[in-house]
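Participant: quick one: sequence plus predicted model below, questions after.
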Amino acid sequence: MALLEAQGLVKIFGKLTALNYAALTVGENEFHGLIGPNGSGKSTLMKCIAGAETPTKGIVSFGGHDITQATPAERARAGMSLKFQITSVLPALTLYDNVLLALQAQTSLLALAFSRTRGVLHDKVMGMLEQFRLADRAYEPAAALSHGQQQWLEIAMALAPEPKLLLLDEPTGGMSIEERRVTGELLQPIKASCSLVIVEHDLDFIRDICDRLTVLDQGQILQTGSVQHVQSCPRVQEVYLRRA
Amino acid sequence: MSRDHSQFTRRRFLGNFAFASTAIATGVGSWVIPADWANAAAGPIKVGIGTDLTGPMGYAGNADANVAKMVVKQINDAGGLLGRPLELYIEDTASNESVAVGNVRKLIQREKVDLVLGGITSSMRNAIKDVIVSRGKTLYIYPQLYEGKECTSYLFCTGPTPAQQCDEFIPWLIKNGGKRFALPSANYVWPRTLNAYARKVIETNGGEVVFEEYYPLDQIDFSSTVNRVISNKVDVVFNTIIPPGVGPFFKQLSDAGFLKNGGRLACVYYDENTLSINQPAEIEGLASCLDYFKALTPEQPFSAKLQETYEKQYPGNFLFAAGSAATGTYRGLKLWEAAVKEAGSVERDAVAKALDHAKIAEGPGGPAEMVPGKRHCKMNMYTAVAKGGKYDIVARSAGLVDPKEC
Amino acid sequence: MTEITHSSAPLTTRRQGASRRWTVLPILEVALLATGLVLPWLLQDYLTVYATRVLILCLFALSFDLVWGYAGIMSFGQAAFFGSAGYGVALLARDLGIVSMFLVLPAGILIGFAFALLLGGFLLLGRHPASVIFVALGTLTGSYACDRLARGWYYLGGQNGIPSIPPMTVGSYDLTEGVAFYYVALGFLIAVYLLCRFLMRSQFGLALAGLRENEQRIAFFGYKVQHLKAIIFSLAGAIAGLAGSLYAFHEGFVWPNVLGVVISTQVVLYVLFGGSGTLIGAVIGTIVIEAISFWLSNSYQDIWPIILGVLLLLVILFRPAGLVSLVVSQRERVGTFGRPQGRG
């Protein structure tokens, strides 16, 4: 059984049909890339999966449960985590506090009031920061980081609660080549415990880290399958050349 | 934070810009103890006045403060009270109950006065009486006409009560106006309680209350009320709307032709100070029933002298008038003076006991007498009608009228 | 409310040695506490009564700091809870003769809490987060509506309000204004202050920081955002209710103004002036504004509101983060929430 299954997704904004019976299947421990030209509906598809949008038609199921109408908080509790395109770390808080904020989300409010989990989560926070090479700056405000480092911090925050599925929307946006390489390095190890759906424009990056790809064009699935299969598909090449 | 002043009071207030600072100066000035004052060692007797120097009631508050200054000066010039000079402290209650409580507290806790006289509206009296009487354990004299039923110990009322203002006035209104009454009112305790009493007198005398309505104090548009008055063929508008609404109301009523068609306006707090709120034509024939009118001065030498003294010392726009508690202030201070003389001290219980039956032989409008055990005051009552912006006396009570309270 | 300085260059290591800069807030708190404890011995009776009133207003200001400074909810209607509790306990005293502190204060707290839950539920808990403008206007309207309702309802005294509220009793002792009431008010202020401080520095405070900065984002982490908002708004309402009850018994009367827009705005001013999001800033702002008003109204009886207005304007223009920002760094203000260990 697939971890994530989206079927027959339709999303209409007024006169615009952003998704036209789109589908996506992601298995466990799989890195799945979502590509397509601008305006093809990648972000909309991501948002429907994440819960930021509700599809007009269609079903999204996660771990066997129908989550089409579930709230973002419910999806988070089910094991889904995400990082949006726009950086949304909390700039005034320290790196440590940013990660702690993400980690403690599932704690009950009463336990939060008495700071019950502060000690318990300490190791996890530091572990996460180390994994993303930010531990030495743990107590500096997030605003002090470079743009690329802020992206890593956000990925760390998204991974901290040990989700089953991570959704990344253009994580390498604005990064230098070196930073992209490091991002790829940082993402590799999580495959053991987590699946990934990643929207990207950088095709090399996608090729390097993903197992499977899905190509969207004008809200419809053009092709889906292993990276090699999709790459060699003539229609895909045509779409990319045409819209280059 | 202060409330908005109406156009009317701002003009007047600015004319007395440095009022507050001169008040204390007067008080201190009158406390320059000549070396030969008996009892100079006992120090001054402190009189506190808490009244509305600013805000919509400023026109009355300033008159009261002036009267207090006049009386204190008079007493000090005559050698003081019990051989001690009087020292006057004046605090602004600002027509704002919250501010009032803070400022009256100053009189009680900081200046530690022996008497507080003041408050104009009933809501103000209610707000400050606790501070003075129960928490402050000080004597309180309330000088203004009001709705009655104030029977708190150590609280003495020297202004007219509903019985004094309605028992003879309303029959006169029925005879000289008509049987159909309207009661447009401000929404607070004085109009509500007064109307309850007035209604009884109206109905007992064969009259009828066509409608009785209550409006927020800051309302200034009365078109629907005016329409109801006209369409219901009301004869007498027994008004208890107060400033700032009363001016616009009377104007709107007169513009709609109420007076032209023979209607009668009645307003028991309307005096010489409020006459200037409207144009004379808008209040032509307005009837009021008070303990004093300036029009009495030709026939009452004492009143004439008092009026003249006041006008000499305080020329300007704050007139010595009965609806503004000025007469009640005079009466209250003189009765208190008599009580202190009788008690021989300013200790509260002694003075209260003496004040309970105090009398003055001369006052504005005539003598005055406290009714023993009732803490209210008998006085002469007069009905007057506004003609061309001045009052004409049309009826006089046959002697001192009983307040019928407590 | 935080000022963000973006810099891609990492901060210098002066941060490590700058731990001194982190401890200004506790110094302020202790200094004010010490002053508060000895004040009645230094002041005459009349000023102690004035100071008690200021303490009660400080309590009220704390309620606004919680919702705005910590949760990012711009409530222009805190007076609705302050005043309803005031009216509630006044009615209890007038109609049922209940004046025992152990009954009326819990009643006031409950009224503030319940009303805040109701109004907050209506304004804040929707599928999409309410904008600041919407909340500001909604709470303003709520406050205004309460004022007009009280003004027109004769049972509540109409324009007059409810006067002559008897003193609160503690056992058989009448708590009138003076030194005793001062210490009672101070005690409550300290207790509530400590409670808020504890809460705001806990992990719950971190969750609120997230709510304040980016409400939508933290929903995706799994936070029950509606619950967070409801809790903080109701807690603030309860505190406002406590303040309102104390105010009613201290002043001896309530009237429609205690519900209305003027007092609601006043408390916003106190907190913004002192510096929001620090708790002590709310207290400082209240004390400074009330002290200046008092001194000015004594010395410049006619124009003091104008002088006060100009002063407020100047502070907001040149120090928009409030007076507290003169001594407290932005970092200390935001604070940290991790396990307390030695760090820079």
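Facilitator: Thanks, I have it.

Participant: which residues touch stretch A:77-85?
Facilitator: A:43, A:46, A:49-51, A:62-63, A:65, A:67, A:70, A:106, A:151, A:154-155, A:157-159, A:161, A:163-171, A:173, C:217, C:220, C:222 (CB atoms under 8 Å, 6 or more residues apart in numbering or on different chains). (Glycine included, C-beta is placed from N, CA and C.)

Participant: quick one, which of those residues are buried?
Facilitator: A:43, A:46, A:49-51, A:62-63, A:67, A:70, A:151, A:154-155, A:157-159, A:161, A:163-171, C:217, C:220, C:222 (16 or more other CB atoms under 10 Å in any protein chain shown).

Participant: in strands only, show me these.
Facilitator: A:F62, A:L165, A:L166, A:L167, A:L168, A:D169 (DSSP state E).

Participant: which ones are touching the last one?
Facilitator: What that stands for is A:D169. A:D169 makes contact with A:S43, A:M46, A:L82, A:K83, A:F84, A:Q85, A:V199, according to CB under 8 Å, 6+ apart.

Participant: 10 Å instead?
Facilitator: Going by CB atoms under 10 Å, 6 or more residues apart in numbering or on different chains, A:D169 touches A:34, A:42-43, A:46-47, A:50, A:82-86, A:197-200.

Participant: could you check the pLDDT of the closest residue to B:S95 other than its chain neighbours?
Facilitator: In space, and not counting its chain neighbours, B:S95 is closest to B:G55: 2.5 Å by CB to CB, 6 or more residues apart in numbering or on different chains. For B:G55, the model assigns a pLDDT of 85.

Participant: tell me the secondary structure at B:G55.
Facilitator: Under DSSP: H, G, I helix; E, B strand; the rest coil, the three-state class of B:G55 is coil.

Participant: tell me where chain B has helices.
Facilitator: B:7-14, B:19-29, B:58-77, B:97-105, B:122-129, B:162-166, B:169-176, B:189-204, B:223-231, B:246-255, B:272-275, B:301-313, B:326-343, B:348-355 (DSSP state H).

Participant: next one, pLDDT for B:K359 please.
Facilitator: 93.

Participant: re earlier: so which of the helices of chain B is nearest A:M128?
Facilitator: Among the helices of chain B, helix B:97-105 comes nearest to A:M128, with 55.3 Å by CB to CB.

Participant: the closest one and chain C in contact?
Facilitator: Yes - using CB under 10 Å from any CB of the partner chain, helix B:97-105 reaches chain C at B:E97, B:S98, B:V99, B:A100, B:V101, B:G102, B:N103, B:R105.

Participant: not counting its neighbours along the chain, what's nearest the residue in the stretch 251-400 of chain B that chain C sits nearest to?
Facilitator: The stretch 251-400 of chain B approaches chain C most closely through B:Y269 (16.1 Å), counting by CB to the nearest CB. The shortest distance from B:Y269 to any non-neighbouring residue, by CB to CB, 6+ apart, is to B:G323 (4.3 Å).

Participant: for A:E200, same thing?
Facilitator: Using CB to CB, 6+ apart, the closest residue to A:E200 is A:I206 (4.9 Å).

Participant: pretty sure that neighbour sits against A:G36.
Facilitator: No - applying CB atoms under 10 Å as the test, A:I206 and A:G36 come out as separate, 11.3 Å apart.

Participant: give the residues shared as contacts by these two.
Facilitator: Residues within reach of A:I206 and of A:G36 at once, by CB under 10 Å, 6+ apart, are A:V199, A:L213.

Participant: what is the burial count for B:G83?
Facilitator: 11 (other CB atoms under 10 Å in any protein chain shown).

Participant: ignore what I typed, I meant B:D392.
Facilitator: Around B:D392 there are 12 residues (other CB under 10 Å).

Participant: I'd say it and B:K294 touch.
Facilitator: No - between B:D392 and B:K294 there is no contact, the gap being 11.2 Å when judged by CB under 10 Å.

Participant: overlap in contacts, those two.
Facilitator: Common neighbours of B:D392 and B:K294 (CB under 10 Å, 6+ apart) are B:A384.

Participant: list the contacts for the closest residue to chain B within the stretch 201-344 of chain C?
Facilitator: Residue of the stretch 201-344 of chain C nearest chain B, by CB to the nearest CB: C:G252 (4.6 Å). Residues in contact with C:G252 (CB under 10 Å, 6+ apart) are B:101, B:126-131, B:134-135, C:90, C:162-167, C:176-177.

Participant: chain neighbours aside, what residue packs nearest to A:L187?
Facilitator: A:I209 (5.9 Å).

Participant: hmm, I typed the wrong one, I wanted A:R212.
Facilitator: Nearest non-adjacent residue to A:R212 (CB to CB, 6+ apart): A:H32, at 5.0 Å.

Participant: right, and the one you found touches A:T25 too?
Facilitator: Yes - contact criterion CB under 10 Å: A:H32 and A:T25 qualify, at 8.4 Å.

Participant: more neighbours: the two, which one.
Facilitator: Using other CB under 10 Å, the more surrounded residue of A:H32 and A:T25 is A:H32, with 22 against 15.

Participant: and that one, which helix or strand is it part of?
Facilitator: Assigning secondary structure by DSSP states H and E places A:H32 in strand A:31-35.

Participant: can you check what angle separates that strand from strand A:165-169?
Facilitator: 30 degrees (axes from the mean of the first three to the mean of the last three CA atoms, to 10 degrees).

Participant: strands paired with strand A:31-35, and their directions?
Facilitator: Partner strands and pairing direction for strand A:31-35 (DSSP bridges) are strand A:195-199 (parallel), strand A:212-217 (parallel).

Participant: kindly format the C-alpha coordinates of the last one as PDB.
Facilitator: The reference is to strand A:212-217. This file holds the C-alpha atoms of strand A:212-217, laid out as PDB (Å, rounded to 0.1, in the frame of the first residue of the first chain):
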ATOM      1  CA  ARG A 212      10.700   8.700  -9.200                       C
ATOM      2  CA  LEU A 213       9.400  11.700 -11.000                       C
ATOM      3  CA  THR A 214       6.000  13.000 -11.900                       C
ATOM      4  CA  VAL A 215       5.700  15.600 -14.600                       C
ATOM      5  CA  LEU A 216       2.800  18.000 -14.600                       C
ATOM      6  CA  ASP A 217       1.600  20.200 -17.500                       C
END
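
Participant: that older thread, mind listing what the residue nearest to A:E200 touches?
Facilitator: A:31-35, A:172, A:184, A:198-200, A:213, A:227, A:231.

Participant: tell me how many other residues surround C:G244.
Facilitator: Other residues close to C:G244 by other CB under 10 Å number 34.

Participant: just to revisit the earlier point, mind checking which of the contacts of A:D169 are buried?
Facilitator: By 16+ other CB under 10 Å, the contacts of A:D169 give A:34, A:42-43, A:46-47, A:50, A:82-84, A:197-200 as buried.

Participant: and of those, the nearest to chain B?
Facilitator: A:F84 (46.0 Å).

Participant: what about the closest one, distance to A:L167?
Facilitator: 9 Å (CB to CB, to the nearest Å).

Participant: give the residues shared as contacts by those two.
Facilitator: Counting by CB under 10 Å, 6+ apart, the residues touching both A:F84 and A:L167 are A:M46, A:K47, A:A50, A:A158, C:F220.
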